[in-house]
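> sequence and predicted structure below; questions after.
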Amino acid sequence: MTSSERRPAAGGLVWFDEPAPPRATEQLSRERIVAAAVELADDQVPGEITMRALAARLGVRSPMALYRYVGSKDGLVDLMTDQVYGRITVPRGEGWRPALRGLGRTGWDAVRQHPWFARLAFARPPMGPNALRLYEAALAELAPLGLDATTRMGFVKTVLGHVLGSGLALLEEETMRARVGLPEDSDLEAAVAPYMERIAAAGEHPHFVGWASDPQRLAPEPQSFEQVLEWLLDGLATLVPEAGGGASD
């Protein structure tokens with residue numbers, strides 16, 4: 001069997017698919033399919049799409065036509081997630097902490113624009129070109145610290161874990177709000193008000209009730225994404241040898 005006849009195993013990464021996708025037509029190309037898939041996922045609160053819905057958006061009669069360009073549904077996920085990885089940036093030449101801070105902040109911007117990314121990023125290995133460039137840039141900024149490879153990757157995963165974990169929480173909350181029809185914070189507060197009254201009357205959780213009834217509890221939000229990111233960076237800084245600290249702010 002020649003290299004041009006090989007096919008990846010089920011669930012194989014799209015980056016190593018052979019043969020290459022067919023030449024673009026006026027209606028279809030890998031780029032057009034991925035762009036339409038991202039738009040379709042953005043339009044759905046949980047971010048879940050089907051190949052049939054994607055084909056309809058592209059004006060294609062059969063979803064099978066799409067597989068020639070992306071290989072499989074997993075291949076489409078690979079391509080979609082890597083496109084979002086391309087929106088995340090690592091500042092270069094300013095030191096390890098600004099690099100990871102930039103990674104975290106642009107990652108948070110990306111998941112707020114594409115909440116489904118936080119779920120799909122856990123579903124497939126980050127082996128696309130944009131993901132690899134991201135990891136390479138972050139690891140390069142950590143290299144001067146003299147830390148071992150496992151610890152350096154641990155720094156990167158700590159920040160990305162905060163990005164994706166926060167993104168998953170955002171996705172689940174938005175999905176819940178859409179499902180039960182409580183889009184605004186005021187709607188949610190009104191819905192839980194009867195339960196809060198019962199909890200307060202029972203008197204078993206005075207500290208929680210005190211927090212929940214404090215009108216200043218979210219002014220400003222004490223555990224914003226940015227604040228938690230700084231706490232994480234403070235913790236990582238304790239692992240940095242003094243001689244290799246470099247720029248830290």
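Okay, I see it. Residues are numbered from 1 along each chain as shown.
> and stretch 102-114, how far from the chain's centre?
Its chain's average C-alpha position is 7 Å from that of stretch 102-114, according to CA atoms, centre = their mean, to the nearest Å.
> how about it, which residues are buried there?
Neighbour counts over stretch 102-114 (16 or more other CB atoms under 10 Å) mark Gly102, Leu103, Gly104, Arg105, Thr106, Gly107, Trp108, Ala110, Val111, His114 as buried. (Glycine included, C-beta is placed from N, CA and C.)
> pLDDT of it, averaged?
Stretch 102-114 carries an average pLDDT of 97.
> okay, now the unreliable bits of the protein?
For the chain, the stretches with pLDDT under 70 are 1-11, 17-19, 222, 243-249.
> all helices for it, in order.
Ranges of helices within the chain are 30-43, 51-58, 64-70, 73-85, 96-113, 116-120, 129-142, 149-180, 185-202, 206-212, 225-237, based on DSSP state H.
> in a markdown table, list those along with distance to Leu218.
Below are the helices of the chain laid out as a markdown table (distance: least, CB to CB, whole Å):
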| stretch | distance to Leu218 |
| --- | --- |
| helix 30-43 | 27 |
| helix 51-58 | 37 |
| helix 64-70 | 42 |
| helix 73-85 | 28 |
| helix 96-113 | 18 |
| helix 116-120 | 22 |
| helix 129-142 | 32 |
| helix 149-180 | 15 |
| helix 185-202 | 9 |
| helix 206-212 | 10 |
| helix 225-237 | 13 |
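> so which of the ones you listed gets nearest Val14?
helix 73-85 (3.5 Å; CB to CB).
> so which elements touch that closest one?
Contacts defined by 3 or more CB pairs under 8 Å, 6 or more residues apart in numbering; DSSP states H and E place helix 73-85 against helix 30-43, helix 51-58, helix 64-70, helix 116-120, helix 129-142.
> one more pass at 6 Å, please.
Packed against helix 73-85 by the contact rule (3 or more CB pairs under 6 Å, 6 or more residues apart in numbering; DSSP states H and E) you find helix 30-43, helix 116-120, helix 129-142.
> those: which one's closest to Arg57?
helix 30-43 (5.2 Å).
> quick one: that closest one to chain centroid distance?
In terms of CA atoms, centre = their mean, the centre of helix 30-43 is set 16 Å apart from its chain centre.
> so for it, what gets flagged as buried?
Buried residues in helix 30-43, counted by 16+ other CB under 10 Å: Arg30, Ile33, Val34, Ala36, Ala37, Val38, Leu40, Ala41.
> tabulate those residues in JSON lines, adding columns for distance to Met196.
Output for the buried residues of helix 30-43, formatted as JSON lines (distance: CB to CB, whole Å):
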{"residue": "Arg30", "distance to Met196": "51"}
{"residue": "Ile33", "distance to Met196": "48"}
{"residue": "Val34", "distance to Met196": "45"}
{"residue": "Ala36", "distance to Met196": "44"}
{"residue": "Ala37", "distance to Met196": "41"}
{"residue": "Val38", "distance to Met196": "39"}
{"residue": "Leu40", "distance to Met196": "38"}
{"residue": "Ala41", "distance to Met196": "35"}
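> farthest-apart pair in those, please.
Longest span within the buried residues of helix 30-43, CB to CB: Arg30 and Ala41, 16.4 Å.
> who are the contact partners of Gly93?
With contact set as CB atoms under 6 Å, 6 or more residues apart in numbering, Gly93 has no partners.
> state the distance from it to Leu232.
Gly93 sits 22 Å away from Leu232, going by CB to CB, to the nearest Å.
> and what of Leu188?
Distance, Leu188 to Leu232, using CB to CB: 28 Å.
> looking at those two, which is more packed in?
Higher neighbour count among Leu188 and Leu232: Leu232, with 18 against 15, using other CB atoms under 10 Å.
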